[in-house]
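Q: Sequence and predicted structure, then a few things I'm wondering about:
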Amino acid sequence: MSQTVTSVPPPASAEPAPGSAGQGGAAKGEPAGRKPRLYVLDGLRLIAALGVVAFHWTGVDIHPGVWGQAPRALMPEVHRFGAYGWLGVQLFFLISGFVICMSCWGKSPKDYFISRVVRLYPAYWVGIVLTALVVNFASTARYDRKPVTITEILTNLTMLERPLGVTEVDGVYWTLWIELRFYLLFAVLAVMGLTYRRVVAFCGIWTILAVITPSTDSKLMDQVFMPQDAPYFIAGVAMYLIYRFGANPMLLGIVGFTWLVAQNRIHITEGSYEYEVHHTLSWPVMAGISAVAFLVMLGVALGAFNWVRWRWLTVAGALTYPLYLMHQEIGWALIRLGRNHHIPPKPLLLICLAVLLSLAYAVHRFAERPLSALLKRLLYSPSLSLPKADPPVRSRKD
């Protein structure tokens, strides 16, 4: 499918028609006016998830009890690559900005809310239960991890454990609080109704607020506008506009500008990751990986990967969320189990990955899908709909 880049910006008085700058026709078998599924996004999700898995399994050096010694000393070549796997989180955020805008265009605020709840919570709840069981009862759970209490588990079920000051059942859940804040910001547009001009304005205003937030020393602004992570979400949103309406200098400028901000923000975030890997990280490598992620996603927006039609990627994409939710604590327990049985490191990594992918498939197939369907039916139930007018006041006998 071709993608034509135009240098003429959309008219100010009207929203550009979808495909006016190279959307292209629908593929065979696709409904008219609807783009074919972007299988490449499922593949990119898997790459991002595997990067984060590699970071926690081979890059993190602060839990020597997992491998019995530091991964840096045990497998230096693998560690050298795994130390940068955390950048998969940034790729997730780019994809999230793109996908949220794509999936919510033309939807009602209720549809937007329900789609996010159904997408996030079912697999997350299952992940909490399984991870808590491993942390509390598995003999190979890392010894420096405190057991999870009932109240911590119940609080984690809300996905608001971080603002409530409660320890996450699994440390990777910190990114979900960032995703939730992005969804809340984007909900403002969902309520107003998504249009080209509104989304472009949203990208510009959020960029400005995210850039000035660090200088205000305001914790509230920091929580709302997320200066470290905003560039990735904003770029993803702008890339969806390119995908839907075609490229123009304004949208390409937003993508380029947000990358410039993102490479600067890396200097702020790298310290925490250097603490985890126990050595300095190369800024050119980090900036280069970030630039590649931006360029690949821009290629997706411009139609460069429309030839990707491998249906197995749909399954791979479905596994990434449960894999992400369960890979850290459960993965570390599996590594310790394999180490106790004297399995060499590299084969052990492959075995643990196969086990976690199988577990992720089982969670997706037998828990996430039925729970999502049930939750969706409940949320669309008329009894949960807000009435247009106040219901009658109940009479009470004295």
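A: In hand now; what should we look at?

Q: what's the closest non-adjacent residue to the residue most central in space within the chain?
A: Central residue of the chain (CA atoms, centre = their mean): Phe92, 4.0 Å from the mean position. Closest residue in space to Phe92, ignoring its immediate chain neighbours: Ala48 at 4.9 Å, by CB to CB, 6 or more residues apart in numbering. (Glycine included, C-beta is placed from N, CA and C.)

Q: Repeat that for Gln263.
A: Closest to Gln263 by CB to CB, 6+ apart is Ala287, at 4.6 Å.

Q: Kindly list the main-chain dihedrals of the one you found?
A: phi -60, psi -40 (degrees, to the nearest 10).

Q: Run a quick neighbour tally on it.
A: Using other CB atoms under 10 Å, Ala287 is surrounded by 16 other residues.

Q: Is it in contact with Ile266, as I believe?
A: Yes: taking contacts as CB atoms under 8 Å, Ala287 lies within contact range of Ile266: 6.4 Å.

Q: Dump stretch 129-145 to PDB, restricted to CA.
A: Output of stretch 129-145 as PDB, limited to C-alpha atoms (Å, rounded to 0.1, in the frame of the first residue of the first chain):
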ATOM      1  CA  VAL A 129      -2.700 -13.200  41.800                       C
ATOM      2  CA  LEU A 130      -0.100 -15.400  40.100                       C
ATOM      3  CA  THR A 131       2.800 -13.100  41.000                       C
ATOM      4  CA  ALA A 132       1.600 -12.800  44.700                       C
ATOM      5  CA  LEU A 133       1.500 -16.600  44.900                       C
ATOM      6  CA  VAL A 134       5.100 -16.900  43.700                       C
ATOM      7  CA  VAL A 135       6.400 -14.100  45.800                       C
ATOM      8  CA  ASN A 136       4.700 -15.500  49.000                       C
ATOM      9  CA  PHE A 137       5.000 -19.200  48.500                       C
ATOM     10  CA  ALA A 138       7.600 -20.200  45.900                       C
ATOM     11  CA  SER A 139      10.800 -21.500  47.500                       C
ATOM     12  CA  THR A 140      12.900 -19.900  44.700                       C
ATOM     13  CA  ALA A 141      11.400 -16.400  45.000                       C
ATOM     14  CA  ARG A 142      14.200 -14.000  45.600                       C
ATOM     15  CA  TYR A 143      15.100 -13.700  49.300                       C
ATOM     16  CA  ASP A 144      15.300  -9.900  49.300                       C
ATOM     17  CA  ARG A 145      11.600  -9.600  48.400                       C
END
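
Q: How far does it sit from its chain's centre?
A: 25 Å (CA atoms, centre = their mean, to the nearest Å).

Q: likewise stretch 255-265?
A: 18 Å.

Q: can you check stretch 315-332 too?
A: Centroid displacement of stretch 315-332 relative to its chain, using CA atoms, centre = their mean, is 12 Å.

Q: ok, back up a step: measure the residue nearest to Gln263 to Phe294 for me?
A: Distance of Ala287 to Phe294, given as CB to CB, to the nearest Å: 10 Å.

Q: now Ala54
A: Ala54 is 21 Å from Phe294, where distance means CB to CB.

Q: all helices of the stretch 101-250 of the chain, in order?
A: 109-137, 150-156, 174-192, 196-216, 219-225, 230-245, 249-277 (DSSP state H, counting those that start in this stretch).

Q: contacting residues around the fourth one?
A: The set of residues that contact helix 196-216 without belonging to it, under CB atoms under 8 Å, 6 or more residues apart in numbering, is 10, 12, 15-16, 101, 185-186, 188-189, 192, 221-222, 225-227, 230-231, 234, 237-238, 241, 245, 250-251, 254, 257-258, 261.

Q: and that helix, what's its mean pLDDT?
A: In this model, helix 196-216 carries a mean pLDDT of 97.
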